[in-house]
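Colleague: Quick check, what structure comes out for this input:
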Amino acid sequence: MGDPAYDAVIIGTGQSGKPLALALARAGWKIAVIEREHVGGTCINVGCTPTKTMVASGRVAYLARRAKDYGVNAGRVTVNMRRVVDRKRRMVESFRNYGQKSLEKTANLELIFGEARFRDAKCVAVALRGGGTRELEGKRIVVNTGGRPAVPPIPGLDRIRFLDSSSIMELAELPKHLIVLGGGYVGLEFCQMFRRFGARVTIVNRDPRLILREDPDVSAEVEKILKEDGIEVLNSTQVTLLEKTGAGVRAVLGTGAGTKKVSGSHLLLALGRVPNSDRLNLEAAGVETDKQGFIKVNSRLETNVPGIYAIGDVKGGPAFTHISYDDFRILRENWLAGGSATIDGRMVPHCMFIDPQLATVGLNETEAQERGLDYRVAKLAMTGVARALETSETRGFMKAIVDRKTEQILGCTILGIEGGEMMSMLQIAMMGKLPYTAIKEAIFAHPTLAESLNNLFMTLDPR
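Modeller: Alright, predicted model coming up:
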């Protein structure tokens, strides 16, 4: 027999599992939460917190090298990777420890370190970190086990040393030449970061352009920015073979023009992520997954098995911390307030922390075209933004999609200094259903970046 039944057993302490455990316990529910490794999930341990901490170090190096642009002599710039990594570790440990202590000191909540596997639809067995096994029965069971970097079958990969998005952040020495496989969000953040630290960087991208889900003009501008930073970009290029060399690794590449070879000291795999669902023994509970292993859920985050839920990255869909946190909000609303919240139609903002930031929300132009919408495009280069000029941060542009008839903002893409903050302003306007004309005529403080939204929508005025 297992322990007396819990009101909920939560597997994983990511950015939906941890707050859900706290909210339910504080409401008087008896909760067990199981963590295999570290409290906080991907975001705090190997995702947002560490990467953005290191991105900040890279930006300081970038600005120091550009000091003369501002009339400042900073001298020769060098980067101490050990200190960069130590700063990152301190930040991660601070966030992680705070989260763990929050769980440990909460009444009605038991934090258990170990690995969980389903015994059936109401019971999980936990292989405890300290040895032994416990069986936990739950009236509800919630899976929040997240994902991990994908390791695709590339010939020769099993015979070389390679990095993923977690291990690359532990490098105490700077790579001489970093080869990055993948032209998506993860690959681009790391390639620019390590270029700024001083490494030579080559991106090998199998797609015809970078960040394929964005509009072509956005991809082109991002590629232009990365090339300005000294990064080599190889699009429409497949890795056919990886070979170990004395100095590191050699990639044999297939392109439309034939075969070429690139040698580097380090190789980073940034080819997507896979869900941590394969070690849960989901079959014992009858929980269904898709072909990639993501757990299938309905709009209220319940699986095909009543009483079993999946939240966060393990269920597929947008793999963002803020979406995971919204999954928590949905269950909290429905379970504690008798609500009827769903994931249907929710906004999915995103900010990629290359520099300048690339931030999006709502529809882009390609999606508006595909839907056959009657829309207009407002577009403004950052060279037309006074604040960007004053700070010598003029790379990129702003772009908004507007419904021609209703004048509602359907979406925006901001590639520019503090793009995430600018995108969020337009997201609030979208949430409040403000027509673009209200933003165009609004009084914003001068000289701020926000003020440029006036100018962005003025581009829609008759010429």
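Colleague: Spell out the residue ranges of the helices in the stretch 151-300 of the chain.
Modeller: 185-197, 216-228, 282-285 (DSSP state H, counting those that start in this stretch).
Colleague: Out of those, the one nearest P447 is which?
Modeller: Shortest distance between P447 and the helices of the stretch 151-300 of the chain, using CB to CB, is found for helix 216-228: 23.5 Å. C-betas here are computed from N, CA, C, even on glycine.
Colleague: List the contacts of the closest one.
Modeller: By CB atoms under 8 Å, 6 or more residues apart in numbering, the list of residues contacting helix 216-228 from outside reads 188, 191-192, 203, 209-212, 214, 233, 235, 354, 356, 358, 364, 366, 395-397, 399, 413, 415.
Colleague: Of those residues, grab the buried ones for PyMOL.
Modeller: Typed into PyMOL, the line below selects the buried ones among the contacts of helix 216-228, using 16 or more other CB atoms under 10 Å:
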select buried, resi 188+191+192+203+209+210+211+214+233+235+354+356+358+364+395+396+397+399+413+415
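Colleague: can you tell me which of the contacts of helix 216-228 are in strands?
Modeller: Judged by DSSP state E, the contacts of helix 216-228 include 203, 233, 358, 397, 399, 413, 415 as members of strands.
Colleague: Out of those, which comes closest to A23?
Modeller: Nearest member of these to A23, counting by CB to CB, is L358, at 32.7 Å.
Colleague: Skip the chain neighbours and tell me the closest residue to that closest one.
Modeller: M352 (4.4 Å; CB to CB, 6 or more residues apart in numbering).
Colleague: what phi and what psi does the backbone show at the one you found?
Modeller: The phi and psi values for M352, taken as degrees, to the nearest 10, are phi -100, psi 130.
Colleague: Distance of it relative to E393?
Modeller: According to CB to CB, to the nearest Å, M352 stands 17 Å off from E393.
Colleague: give the contact list for the most centrally placed residue in the chain.
Modeller: Residue closest to the average C-alpha location in the chain (CA atoms, centre = their mean): F320, at 4.8 Å. Taking CB under 8 Å, 6+ apart as the criterion, F320 is in contact with 348, 350.
Colleague: For the stretch 151-300 of the chain, give me the ranges with low pLDDT.
Modeller: Of all residues in the stretch 151-300 of the chain, none has pLDDT under 70.
Colleague: Leaving out chain neighbours, which residue sits closest to I231?
Modeller: I231 sits nearest to V201 (CB to CB, 6+ apart), 4.8 Å away.
Colleague: The one you found - how many residues pack around it?
Modeller: 26 (other CB atoms under 10 Å).
Colleague: In this structure it contacts V180, no?
Modeller: Yes. In this structure, V201 is within contact of V180 by CB atoms under 8 Å, at 6.5 Å.
Colleague: shared neighbours, the two?
Modeller: C191.
Colleague: Can you check the pLDDT for the nearest residue to L109 once chain neighbours are set aside?
Modeller: Spatial nearest neighbour of L109, chain neighbours left out: A25 (3.8 Å); criterion: CB to CB, 6+ apart. For A25, the pLDDT comes out at 98.
Colleague: Start at 28, not 1
Modeller: I'll keep to 28 as the first residue from here, and by that count the last item is A52.
Colleague: Do you know the pLDDT at D30?
Modeller: We have a pLDDT of 52 for D30.
Colleague: try the one 5 residues further on
Modeller: What the model reports for A35 is a pLDDT of 98.
Colleague: Distance of it relative to R144?
Modeller: Taking CB to CB, one finds A35 at 18 Å from R144.
Colleague: out of these two, which sits in the busier spot?
Modeller: A35 (23 against 16).
Colleague: Might one say that that one is in contact with I168?
Modeller: Yes. Assessed by CB under 8 Å, A35 is found in contact with I168 at 7.3 Å.
Colleague: measure S193 to N331 for me?
Modeller: Taking CB to CB, one finds S193 at 32 Å from N331.
Colleague: Then G68?
Modeller: 24 Å.
Colleague: Comparing these two, which residue is more hemmed in?
Modeller: More crowded of G68 and N331, by other CB under 10 Å: G68, with 29 against 14.
Colleague: what sits against the more buried one?
Modeller: With CB under 8 Å, 6+ apart, G68 has these contacts: 39-42, 44-45, 74, 171, 173, 339, 351.
Colleague: Could you dump these into JSON lines and include secondary structure and pLDDT?
Modeller: JSON lines is the format used below for the contacts of G68 (DSSP: H, G, I helix; E, B strand; the rest coil; pLDDT from 0 to 100):
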{"residue": "G39", "secondary structure": "coil", "pLDDT": "97"}
{"residue": "T40", "secondary structure": "coil", "pLDDT": "97"}
{"residue": "G41", "secondary structure": "coil", "pLDDT": "96"}
{"residue": "Q42", "secondary structure": "coil", "pLDDT": "95"}
{"residue": "G44", "secondary structure": "helix", "pLDDT": "97"}
{"residue": "K45", "secondary structure": "helix", "pLDDT": "97"}
{"residue": "G74", "secondary structure": "coil", "pLDDT": "93"}
{"residue": "N171", "secondary structure": "coil", "pLDDT": "98"}
{"residue": "G173", "secondary structure": "coil", "pLDDT": "96"}
{"residue": "G339", "secondary structure": "helix", "pLDDT": "97"}
{"residue": "S351", "secondary structure": "helix", "pLDDT": "97"}
